[in-house]
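> Test case, fold it:
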Amino acid sequence: METKVVIDVVCVHCGSKIQLQKKKTQEQCKLVCPACKHHLHILFNTAQNPQTYSFLSVEQKASQQKESESNAHKEESEDVKRAKKDKTVYKKDKKKAHSYDDEIPGEEDTHKERKRPKLRENLFLTRKKLFGLVAERYQLTEGKTIIGRDDDDEPSDISLKGDDTISRRSISIDIVPDDYGFDYILKVLNASNPVRVNGKQIRQGDKTYLDLGDVITIGHTNLKFDNR
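Below is the predicted model:
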């Protein structure tokens, strides 16, 4: 059984004498002064005989709490810096990073309104005819462009002639800004015949991201999505 010792403690607030019985190796304890009701945190020097004691003051507690909060804030700041670094353009998928703002996202002044990205390249749909000897180019603009068969009743933004297998208002290509540049999104609106991107069929109502160089097939017509 561990040896116990008796220590007389004088309250630092009111001077009252408190007799404590504790284990010899116990280094600290907390109690309420019976006289003044103040909370006391007592530290014992167990290396001395007889043992001495001291009080953990309110100022020490505040200092320790402040230091703990400072360390927690520092750790949080490091996490925030890493999160910002991970949000830079270098972490973005290549299919969504063709054009960028002047500032790296995540490192601009948070009090300044984010600059809206500008479409800095010309984007085209290129259709080759007569075994590739003739090329028709249709320029795309920011926002939604509808492509389909030439039709007076339901005209498209880009109307394609000479292929009756293309549906009217068949697909749309939406060029929309995001945090890193622009996304190019194809949606199938109407398709009597399969619509394909690089040979993969996209069903009616579905969407897919486009990348430069992709080949879109509607009816018997191939359209190359590119910036040249």
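> quick one: buried residues of stretch 167-178?
Neighbour counts over stretch 167-178 (16 or more other CB atoms under 10 Å) mark 167, 168, 169, 170, 171, 172, 173, 174, 175 as buried. Heads up, the C-betas are built off the backbone N, CA and C, glycines and all.
> Read off the pLDDT value for residue 154.
Residue 154 is assigned 90 on the pLDDT scale.
> who touches it in this structure?
By CB atoms under 8 Å, 6 or more residues apart in numbering, the contact set of residue 154 is 148, 168, 169.
> Tell me which entries of the buried residues of stretch 167-178 lie within helices.
Using DSSP state H, no member of the buried residues of stretch 167-178 falls within helices.
> Return the member of those residues nearest to residue 227.
residue 175 (11.7 Å; CB to CB).
> How many residues are close by the residue lying closest to the closest one once chain neighbours are set aside?
Leaving aside its sequence neighbours, residue 175 sits nearest to residue 142 (CB to CB, 6 or more residues apart in numbering; 4.9 Å). Counted by other CB atoms under 10 Å, the residues lying close to residue 142 total 14.
> What of the one 4 residues further on?
Other residues within reach of residue 146, judged by other CB under 10 Å, total 20.
> What's the separation between it and residue 215?
19 Å (CB to CB, to the nearest Å).
> which parts of stretch 25-42 are buried?
Residues 29, 33, 40, 42 are the ones in stretch 25-42 that count as buried (16+ other CB under 10 Å).
> Let me know the closest of the contacts of residue 154 to residue 199.
Using CB to CB, the contacts of residue 154 come closest to residue 199 at residue 148, 20.9 Å.
> correct me, but that closest one touches residue 160?
Yes: under the criterion of CB atoms under 8 Å, residue 148 makes contact with residue 160 at 7.1 Å.
> Identify the contacts common to those two.
Listed contacts common to residue 148 and residue 160 are 166, 218; contacts here mean CB under 8 Å, 6+ apart.
> quick one, which of these two is more surrounded?
residue 148 (24 against 20).
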